[in-house]
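Student: Sharing a sequence plus its predicted fold:
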Amino acid sequence: MSKVTGDAINAGLLRRVFQYVKPYRNIFAWAVVLTILLALIAPARPFLIQYTLDNYIMKDNYSGLLSMTVVMLLLLVLQTGIQFSHTLLTNTLGQSAVRDLRINVFNHITRLRLKYFDNTPIGQLITRTVSDLETIAEIFSEGLIVIIGDILMVIVIIGVMIYKDWALTLVVLLPMPLLIIATSIFQKAIKSAFQEIRTEVSNLNTYLQEHITGVSIIQYFAREEQEYKKFVKINARYRDANIRSNWYYSIFFPVVEIISAMSLGLLIWYGSRSILANPLEVTPGTIAEFILYISMLFRPIRELADKFNTLQMGMVGAERVFKVLDTDEVTENKGVFAPDKMTGQISFQQVWFAYNEENYVLKNISFEVEAGKTIALVGATGAGKSSTINILNRFYEIQKGDIKIDGVRIQDYELSYLRSNIATVLQDVFLFSDTIFNNITLNNPEITMEEVVDAAVKVGAHDFIERLPGGYQYNVMERGATLSAGQAQLISFIRALVYNPSILVLDEATSSVDTETEMLIQRAIENLMQGRTSIVIAHRLSTIQKADKILVLDKGEIKEMGTHQQLLKLDGYYKRLYDLQFNSTGITTI
């Protein structure tokens with residue numbers, strides 16, 4: 001991984017950023033050409049002013065003055081046009097490259113395995129995808145190309161000044177070491193301030209994302225005041241970081257103005273003495289010309305420190321973004337097996353699985369499910385039920401054993417084929433801020449409205465959808481906020497049905513709905529299960545009594561296995577769970 005260290009710009013990291021410029025090499029080439037033109041044209045206006053002052057104004061030549069005024073206006077229009085085109089091209093280049101990079105980052109993030117998100121705050125990823133990428137755009141619009149242009153302009157101006165009067169140039173440049181020292185100090189200070197700002201932006205985004213998403217919890221427990229106080233502190237740190245950066249600017253710019261004034265004072269002092277001593281060598285026009293050169297010289301030098309820091313912050317942003325892109329937490333997809341039809345026969349063979357190294361949450365799990373049959377998983381919280389279905393989809397990789405579908409290891413299946421044949425309906429249904437139709441199809445153009453309506457009818461949700469304003473085009477808002485839990489659950493069933501999976505996973509799909517809605521959902525589940533291998537995780541034992549096989553898990557191990565009646569006869573773990581739910585007033589979560 002490339003690193004941005006010290007005050008240097010890592011050439012390898014910069015080359016990697018510029019890989020995204022290749023599709024826009026013509027824009028880049030024109031931007032470079034215009035940068036050179038701006039640097040070469042810069043000394044022309046002061047030279048024309050000097051020539052006009054000495055040859056026309058001082059000699060009362062009105063017609064010559066008028067002609068030179070027209071020439072200077074034309075030059076100003078030309079320079080303005082070039083500057084406009086340069087700004088437009090560099091910004092277009094930056095935004096185009098960042099657009100492509102942002103697409104790559106989003107595509108990579110969506111392919112990362114779930115383990116990565118277990119340890120990475122979502123707000124941090126949002127910062128990488130938005131804020132950090134914007135700093136990379138500034139590498140082009142305010143960074144490298146502009147820095148090169150400013151340096152080139154300084155070189156050209158100093159060269160012209162030496163050519164016009166080397167002695168006067170040396171006098172004018174006497175304060176330059178002070179400017180170099182001030183710029184170096186400012187550059188280091190502002191870099192530290194910018195890094196602090198980026199860190200605080202990431203912290204702010206992370207806090208906002210988590211607490212706005214979980215605002216219902218804050219309100220349920222009346223924690224508004226406490227969370228408000230925490231946010232005030234985080235926001236204050238962000239404010240203070242910005243104030244520190246502004247404080248450095250407020251010192252640096254006046255210092256530059258003082259140094260510039262020193263150069264101007266030296267120019268007036270030395271120039272006036274030279275005019276009196278030898279008016280033929282140093283003219284009033286030369287003094288006016290050098291005054292403009294001083295202004296043009298100090299402006300880019302003053303801005304170079306700021307632009308260099310913009311470049312460095314772009315590189316810091318690039319380092320963070322490429323760190324995400326270089327994350328190897330991607331499910332390996334070397335499988336090529338993708339038959340026309342998957343029947344859905346499942347086999348777990350001595351499977352061991354741990355989220356973290358040797359801390360196994362599944363231990364020596366072995367069972368089989370025939371194609372078209374239903375298996376139910378029961379057990380206390382943390383028994384390993386959800387882990388079982390997570391590894392079936394290869395969201396996490398097992399450490400030992402084998403999982404096979406239709407006799408083929410799941411690693412041998414092409415990954416998207418494997419997952420497209422396994423539909424999962426979760427307890428916590430996630431709906432996007434979009435229409436019901438798009439939430440069902442997930443913007444898959446191959447799924448038609450007729451198929452969606454047919455699936456909705458089978459699930460028993462068509463009537464309630466039709467009653468909504470706009471029907472299937474009704475916008476459910478973020479996370480389905482405008483729907484009840486039962487309605488959202490029914491939409492998730494339709495989503496599963498239209499994708500016509502070979503294997504259906506129901507992860508506590510009826511645990512958060514009322515009894516009436518549960519009856520409707522049970523009918524939907526029966527329609528979904530027809531002809532499909534089903535894995536059911538349920539709180540309520542009443543929902544799994546018809547399962548062909550029930551697995552009782554405890555602390556990652558299979559304690560009992562059999563049908564509902566067989567397990568009751570064992571008078572063991574399952575029987576105790578059953579008695580708790582049906583023969584007493586106690587309530588348990590399993």
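Tutor: Done, it's in.
Student: Can you point out the buried residues in stretch 125-137?
Tutor: L125, I126, T127, R128, T129, S131, D132, L133, T135, I136, A137 (16 or more other Cβ atoms under 10 Å). In short, each C-beta sits where N, CA and C put it, glycine included.
Student: tell me which of those residues is nearest to A193?
Tutor: T135 (14.0 Å; Cβ to Cβ).
Student: Can you work out which other helices and strands pack against the helix or strand where the closest one lies?
Tutor: T135 is part of helix 131-138, with elements assigned from DSSP states H and E. Packing partners of helix 131-138 (3 or more Cβ pairs under 8 Å, 6 or more residues apart in numbering; DSSP states H and E): helix 62-111, helix 176-213, helix 284-325.
Student: closest to Q219 out of these?
Tutor: helix 176-213 (11.1 Å).
Student: tell me what that closest one is packed against?
Tutor: helix 122-129, helix 131-138, helix 224-277, helix 284-325.
Student: out of those helices, nearest to N500?
Tutor: Using Cβ to Cβ, the helices and strands packed on helix 176-213 put helix 122-129 closest to N500, at 31.3 Å.
Student: now that closest one against helix 284-325, angle please.
Tutor: Angle, helix 122-129 to helix 284-325, by axes from the mean of the first three to the mean of the last three Cα atoms, to 10 degrees: 140 degrees.
Student: which outside residues touch helix 122-129?
Tutor: Outside helix 122-129, the residues that touch it by Cβ atoms under 8 Å, 6 or more residues apart in numbering are 102, 105-106, 109, 201-202, 205-210, 320-321, 324.
Student: Let me know the average pLDDT across that helix.
Tutor: For helix 122-129, the mean pLDDT works out to 79.
Student: Off-centre distance for it?
Tutor: Relative to its chain's centre, helix 122-129 lies at 5 Å (Cα atoms, centre = their mean, to the nearest Å).
Student: repeat for stretch 431-441
Tutor: Distance, centroid of stretch 431-441 to centroid of chain: 22 Å (Cα atoms, centre = their mean).
Student: ditto for stretch 455-472
Tutor: 35 Å.
Student: do stretch 199-209 as well
Tutor: The chain centre lies 13 Å from the centre of stretch 199-209; the measure is Cα atoms, centre = their mean.
Student: Check stretch 18-36 too.
Tutor: 25 Å.
Student: Can you pull up the most central residue in this structure?
Tutor: T129 (1.7 Å; Cα atoms, centre = their mean).
Student: got the CA coordinates for stretch 349-364 in CSV?
Tutor: Output of stretch 349-364 as CSV, limited to C-alpha atoms (Å, rounded to 0.1, in the frame of the first residue of the first chain):
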residue,chain,number,x,y,z
GLN,A,349,-20.2,-32.2,6.4
GLN,A,350,-18.2,-31.7,9.7
VAL,A,351,-18.4,-27.9,9.3
TRP,A,352,-16.4,-25.7,11.7
PHE,A,353,-16.8,-21.9,11.6
ALA,A,354,-15.4,-19.0,13.5
TYR,A,355,-15.8,-15.3,13.0
ASN,A,356,-12.5,-14.6,14.7
GLU,A,357,-9.7,-17.2,14.5
GLU,A,358,-10.2,-20.2,16.8
ASN,A,359,-13.3,-18.9,18.6
TYR,A,360,-15.7,-21.3,16.9
VAL,A,361,-19.4,-20.5,16.8
LEU,A,362,-20.2,-23.7,14.8
LYS,A,363,-18.6,-27.0,15.8
ASN,A,364,-18.6,-30.1,13.7
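Student: which residues are contacting it?
Tutor: 115, 118, 365-366, 382, 384, 387-388, 391, 396, 398-404, 555-557.
Student: Quick one: mean pLDDT for that stretch?
Tutor: Per-residue scores along stretch 349-364 average to 86.
Student: which of the residues in it are buried?
Tutor: Result for stretch 349-364 [16+ other Cβ under 10 Å]: buried residues V351, W352, F353, A354, Y360, V361, L362, K363.
Student: Run through the residues that contact the closest residue to G94 other than its chain neighbours.
Tutor: Of all residues not flanking G94 in the chain, F140 sits nearest, at 3.4 Å (Cβ to Cβ, 6 or more residues apart in numbering). When contacts are counted by Cβ under 8 Å, 6+ apart, F140 touches V21, A31, T90, N91, L93, G94, A97.
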